[in-house]
Each structure stands twice: as structure tokens, then as C-alpha cells.
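1. just coords:
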């Protein structure tokens, strides 16, 4: 599949183009990046090769690209040759091997990104209820309503051939090709104050409920195939912070104590906590500025866990035993002069900008923030660093 995406002769990261969304290639250690230069109304999609430490391609747009307030707005097709991205706030553009094919605008009135998923060889389904294909030269505005519920979050469950996601207070599954609702559970018996996290394969859903002190936060797990409740669990410390889905429904849960000085990472499999890692006196410290990344990451095979700790160190753990394997420093580069003031001065001034973390392929870790992408080997060697250029630099 190495020919799935071209290597351009001299690809460049456009000046002042800050990262909004990222997506990991389905078969190669490649990272796609959607970035935007808001002041100059431009953007680009970049594709990096983490193994080689190189930039494979850069495709420019005369519009905003990506939307950092929502994850999943940059999506590879399973064939690895096509890539869709949010453009112009509420549009969707299609790239085929780094070339722009066309775009679609399922809801041009919306002042936010339109969520979508790939559902077959050529078609996408959006949270507006549209099933559509982007063909060569398209700029589509007209769409057929196929009678689906309106999803607030959505993923594609290939096992059942259904779009799954959040509908109102509950969860639902809809077959867009057969045009039928598979399930809709309103969950009216559960607390209204909550947040929902779907796994990337659409097969699992976690619904977080906030406990009123002294009650602990709780997480209800659902099977995305049929919507049934699997279990309810509580993190090992009272207050939930974040989670990350892994392979086959495994979970990483980060929680903290009442004083916020104690952090636990729970490794959950089969609906129960198998391992708890007590990080005291260290803390997980990330920016959460790129919605697809954070301070915790699974290895692709599910056997390892990487954490971004205070002091900008990466620590690797064995996911079966919870034993620490290695720790190394992975500092973020300085924010370049010439970027907008809201970015240069708006992020964690007390200790800088630590960025976030992704485990990409078995041998590479990615440190990133809107202004940089670094590739590291799992033994702590920096492979390459890319920093957004500015007109001053």
C-alpha cells in the first residue's frame, strides 16, 4: 500500500497554518493533518510518514480546513487512497491521492463542522441525514433526506453495517443503505448530565455521569452492535477526567482524587478494571488542543500504553501488568514568533505548551500541538520535527 498516497517532490507546510484535526492511516504509519491559516482564509491537508520522518504531501485550499472543536472531521477511507476533510466550516472535501476531487455542503447554514462517516466504497453519510457521493468536480448543495434520525455524534459500525451515535438523550443505530432504524434507546432513566464517547469502530459506547459529592462519577458501557447495556463501572478515584478506547472494547480511564494531586490510570477490559496505575506524584499533562489526541494513548496492538507526563516526559507501560517500561523527555518546540496572539499567549502560560500524544504504528510516537508535529521512536529517539513556518521565520 506504499503507493496509496504519493510523495510530492517538495511539499511544504503553509505559513501560519495551525493544525485543527488529525487522522491515522488505516494501513500505514502515516498521519494526515488538517490545518488552517484563519487570518488569511486558507488551509491545507498534510500527510506525514512517521516511519521515515518525512512530509509526503501538502494539498492547499483557499478556505478553512478542519475544525478543532470536533473530532473525526478528517477521515481516511478504508482503502487508504482517499481522504475526506471538513472545509469552509460546514463543507466536506474529498481528496484522492492528494488531489482535490470535489466538495459537498450538507448544511451550509451551520456555523460548525458537519460530522460524517464513510459507509461504502464511494458514499458518505452526514449527521444531517444525507447519503451522498462526491464525484469529480462536484460542489454539491442538494441532498436527499433518507429518513434517518439526527445524530449529534456518529461513527460507522462495519460489523452491523450501521451508523451509530448519539440521538437526543439516547443512542441509536441506522442502516443508511437499507434506510432503516436498527435501534434507538432513549435512556431516559439515566442522568441528564453526561458526556458520550464512542469507540472509533462504532462497536462500543461509554456514557459518563457526574456524581454529586460525595458520590463518585460513573460510566455506563453499551454494546454498539445492538445498544444493550453491558456494565456500569466507576474509576478508581472519584472524579473522571478522560478516556480512550482501545482494541476490542478495552478502555483507558484517567481519574483524580479530591485534592487533584493524585492521578490514576485504569485499564479496563471486559467491563472491569484489570490494572490501576498510581501516577503520584506525577500528573498527566496535555493540551487537548487537537481533538483526536490527548495525554494518554494505546499502542496499536493494545499491549502498551503511553502517557504524557508533567515535565513533558513520555512514559511507556505494559498494559497487562501496569509496569513502567521506560521514560524519556520529549519537549515541545517553542511557539514561533509570527503566529496569532491568541495562540502564542493563550495556552498554559505557567509551564508552556506541552501538546498531545498519539501512538502511531508499533515503532512511532507522535508529539503534536497546532504548531508542531514531532516523531519519536519508542526507545526515546527523536526521528523528525516539523514546526509551522511563519512569515517572520
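-> Sure thing, it's come through. None of the values given here were measured: they were computed from a predicted structure. Numbers count the residues shown, from 1 in each chain.
2. how deep is residue 86 tucked in, by neighbour count?
-> 28 (other CB atoms under 10 Å). C-betas here are computed from N, CA, C, even on glycine.
3. From residue 36, how far off is it?
-> The spacing between residue 86 and residue 36, counted by CB to CB, to the nearest Å, is 10 Å.
4. what sits in contact with each of those two?
-> 20, 65, 66 (CB atoms under 8 Å, 6 or more residues apart in numbering).
5. now the helices: where do they sit in the stretch 201-350 of the chain?
-> Applying DSSP state H, counting those that start in this stretch to the stretch 201-350 of the chain gives helices spanning 341-345.
6. how about the strands in it?
-> 204-209, 218-223, 229-233, 239-245, 251-256, 263-269, 272-278, 296-298, 304-309, 313-318, 324-329 (DSSP state E, counting those that start in this stretch).
7. Output those strands in CSV; the columns should cover distance to residue 149.
-> Formatted as CSV, the strands of the stretch 201-350 of the chain follow (distance: least, CB to CB, whole Å):
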stretch, distance to residue 149
strand 204-209, 15
strand 218-223, 16
strand 229-233, 20
strand 239-245, 23
strand 251-256, 26
strand 263-269, 29
strand 272-278, 32
strand 296-298, 30
strand 304-309, 35
strand 313-318, 40
strand 324-329, 45
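8. As a markdown table, those with mean neighbour count and mean pLDDT would be great.
-> Below are the strands of the stretch 201-350 of the chain laid out as a markdown table (neighbours: other CB atoms under 10 Å; pLDDT from 0 to 100):
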| stretch | mean neighbour count | mean pLDDT |
| --- | --- | --- |
| strand 204-209 | 22 | 98 |
| strand 218-223 | 18 | 98 |
| strand 229-233 | 14 | 97 |
| strand 239-245 | 19 | 96 |
| strand 251-256 | 22 | 96 |
| strand 263-269 | 22 | 97 |
| strand 272-278 | 15 | 97 |
| strand 296-298 | 23 | 98 |
| strand 304-309 | 23 | 97 |
| strand 313-318 | 19 | 98 |
| strand 324-329 | 13 | 97 |
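9. which one of those strands lies closest to residue 49?
-> strand 296-298 (18.9 Å; CB to CB).
10. So which elements touch that closest one?
-> On a contact count with 3 or more CB pairs under 8 Å, 6 or more residues apart in numbering; DSSP states H and E, strand 296-298 meets strand 239-245, strand 251-256, strand 304-309, strand 356-360.
11. Could you rerun that using 6 Å?
-> strand 356-360 (3 or more CB pairs under 6 Å, 6 or more residues apart in numbering; DSSP states H and E).
12. Which SSE is immediately downstream of the strand it packs on?
-> strand 364-369 (DSSP states H and E).
13. Mind giving me the packing neighbours of that following strand?
-> Applying 3+ CB pairs under 6 Å, 6+ apart, one finds that strand 364-369 makes contact with strand 356-360, strand 372-377.
14. what helices or strands is the following helix or strand past the longest one leaning on?
-> Scanning forward in sequence from strand 372-377, with DSSP H and E defining helices and strands, the next element found is strand 382-387. Other helices and strands packing on strand 382-387, by 3+ CB pairs under 6 Å, 6+ apart, are strand 372-377.
15. which outside residues touch the strand it packs on?
-> Residues outside strand 372-377 that contact it (CB atoms under 6 Å, 6 or more residues apart in numbering): 50, 53, 330, 333, 364-365, 367, 382-387.
16. Test my guess that residue 4 contacts residue 79.
-> No. Here residue 4 does not reach residue 79: they are 7.5 Å apart, not a contact under CB atoms under 6 Å.
17. More neighbours: those two, which one.
-> It is residue 4, of residue 4 and residue 79, that has more neighbours when counted by other CB under 10 Å, with 16 against 12.
18. Report how many residues lie close to the nearest residue to that one once chain neighbours are set aside.
-> Leaving aside its sequence neighbours, residue 4 sits nearest to residue 80 (CB to CB, 6 or more residues apart in numbering; 4.3 Å). For residue 80, the count of nearby residues is 16 (other CB under 10 Å).
19. again, but for residue 34
-> Applying other CB under 10 Å, I find that residue 34 has 28 neighbouring residues.
20. bridging residues for residue 327?
-> Beta-bridge partners recorded for residue 327 (DSSP bridges): residue 315.
21. Isn't it up against residue 315?
-> Yes. Assessed by CB under 6 Å, residue 327 is found in contact with residue 315 at 4.5 Å.
22. pLDDT value on residue 340, please?
-> You'll see residue 340 listed with a pLDDT of 89.
23. Let the chain start at 29 from now.
-> Okay, residue one is now 29; in that scheme the one you just asked about reads as residue 368.
24. How about the secondary structure of the residue lying closest to it once chain neighbours are set aside?
-> Setting aside the residues directly before and after it, residue 368 is nearest to residue 67 in space (CB to CB, 6+ apart), at 6.4 Å. Secondary structure, DSSP: H, G, I helix; E, B strand; the rest coil: residue 67 is helix.
25. where does the stretch 29-178 of the chain have low pLDDT?
-> Scanning the stretch 29-178 of the chain for pLDDT under 70 picks out the ranges 29-30.
26. Would you map the strands across it?
-> Counting by DSSP E, counting those that start in this stretch, the strands of the stretch 29-178 of the chain are 46-52, 58-65, 70-77, 82-89, 102-104, 110-115, 119-124, 127-132, 144-146, 151-154, 159-161, 167-168.
27. Which among the helices and strands packed on strand 392-397 is found nearest to residue 127?
-> Nearest of these (CB to CB): strand 400-405, 22.4 Å.
28. and the angle from that closest one to strand 70-77?
-> Strand 400-405 runs at 10 degrees relative to strand 70-77, counting by axes from the mean of the first three to the mean of the last three CA atoms, to 10 degrees.
29. Okay, now the sheet partners of strand 400-405, with direction.
-> strand 392-397 (antiparallel), strand 410-415 (antiparallel).
30. what's the most buried one of those strands?
-> Highest mean neighbour count of the strands paired with strand 400-405: strand 392-397, a mean of 24 (counted as mean count of other CB atoms under 10 Å).
31. Give me the contacts around that strand.
-> 57, 78, 315, 317, 334, 358, 381, 383-384, 386-388, 402-404.
32. mind redoing it with 8 Å?
-> By CB under 8 Å, 6+ apart, the residues outside strand 392-397 that reach it are 47, 50, 57, 59, 78-79, 315, 317-318, 321, 325, 334, 336, 342, 358, 360, 381-388, 401-406, 411.
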